[in-house]
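**Student:** using only what follows, build the 3D model:
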Amino acid sequence: MAADGVDKDDKDILADLDREAGEYLKDAEIARILSAFKLDAYAILDLQPGVAESDIKNCFRRKSLLIHPDKTKNPLAPDAFDRLKKAQAELMDEKKRERLDEAIADARMLLIRERKWTVDTPELKSPEFAKDWREKSKEVLIDNELRRRKQMKAQLAEEGREQRKAEMEIEERKRKRENEQAWENTRDNRINSWRDFQKGGLKKKKQKTKPIG
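**Tutor:** I've put the predicted structure just below:
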């Protein structure tokens, strides 16, 4: 029996239990991150919209220490850690966070209008509304992402057309230069041919005008 009343075997068992509990928490957090809605950085970090920047930093630090691939053998840890980093980076980017906050606010207003409520309706503070708000936010974020991809596709198509147009213009100028160069290269031949033609014409003319005697 040890001096503190716990023998070595018991200490080993307690240590094993602590390790198992730690791994369980890591696995649970990894599973939560990977199941969170990808387009909502707040959901990935398990934060409420509008939190302070310091809260974002502290939350990321705690969670990154918990699920870092160097701290767990879970094969999904790298994917979860990468998603956590991207979510933190998005919330630390002022413009990206502003777009996300705007989408979440839009979702809230859409629900209020659909239900013909006002901003003072008591139900807005209920857990049921919070759940519905999260689902509506998903819809808005998905719509925004689809619109963004459509715009990106159209932009790329337009850029492709502009690129092809520029390439055709370059090719046309190249052909024009080549034609001009070819024309210039045959200049002497054309001049000589013309001179020979002129000489031949003069000889025939003289022959026709020679008196018969």
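
**Student:** switch to C-alpha atoms for all contacts and neighbour counts from now on
**Tutor:** Fine.

**Student:** roughly how far apart are Ala103 and Lys96?
**Tutor:** Distance, Ala103 to Lys96, using CA to CA, to the nearest Å: 11 Å.

**Student:** the residue nearest to the spatial centre of the chain in helix, strand or coil?
**Tutor:** In the chain, the centroid-proximal residue (CA atoms, centre = their mean) is Arg149; its distance is 9.1 Å. Put simply, Arg149 is helix when judged by DSSP: H, G, I helix; E, B strand; the rest coil.

**Student:** got the domain ranges for this protein?
**Tutor:** 1-92, 94-185 (automatic domain parsing).

**Student:** so where's the chain uncertain?
**Tutor:** Residue ranges of the chain with pLDDT under 70: 1-10, 13-14, 16-17, 190, 194, 196-213.

**Student:** quick one, helices of it?
**Tutor:** Using DSSP state H, the helices found in the chain span residues 8-35, 41-45, 53-67, 77-92, 94-114, 127-185, 187-209.

**Student:** output the contacting helices and strands for the fourth one.
**Tutor:** Taking 3 or more CA pairs under 8 Å, 6 or more residues apart in numbering; DSSP states H and E as the contact definition, the neighbouring helices and strands of helix 77-92 are helix 8-35, helix 41-45, helix 53-67, helix 94-114.

**Student:** quick one: the first one to helix 53-67, angle?
**Tutor:** What separates the directions of helix 8-35 and helix 53-67 is an angle of 120 degrees, with axes from the mean of the first three to the mean of the last three CA atoms, to 10 degrees.

**Student:** now swap in the last one and tell me
**Tutor:** Here helix 94-114 runs at an angle of 100 degrees relative to helix 53-67 (the same axes, to 10 degrees).

**Student:** identify all contacting residues around helix 94-114.
**Tutor:** Asp40, Pro49, Gly50, Glu90, Leu91, Thr118, Val119, Trp133, Lys136, Ser137, Val140, Leu141 (CA atoms under 8 Å, 6 or more residues apart in numbering).

**Student:** with the third one instead?
**Tutor:** Helix 53-67 is touched from outside by 26-27, 29-30, 45, 47, 71, 77, 80-81, 84-85, 88, 91-92, with contacts defined as CA under 8 Å, 6+ apart.

**Student:** repeat for stretch 18-28
**Tutor:** Stretch 18-28 has contacts (CA under 8 Å, 6+ apart) with Leu66, Ile67, Thr72, Asn74.

**Student:** which of those are buried? Put it as a PyMOL command.
**Tutor:** In PyMOL, this line selects whichever of these come out buried by 16 or more other CA atoms under 10 Å:
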select buried, resi 66+67+72
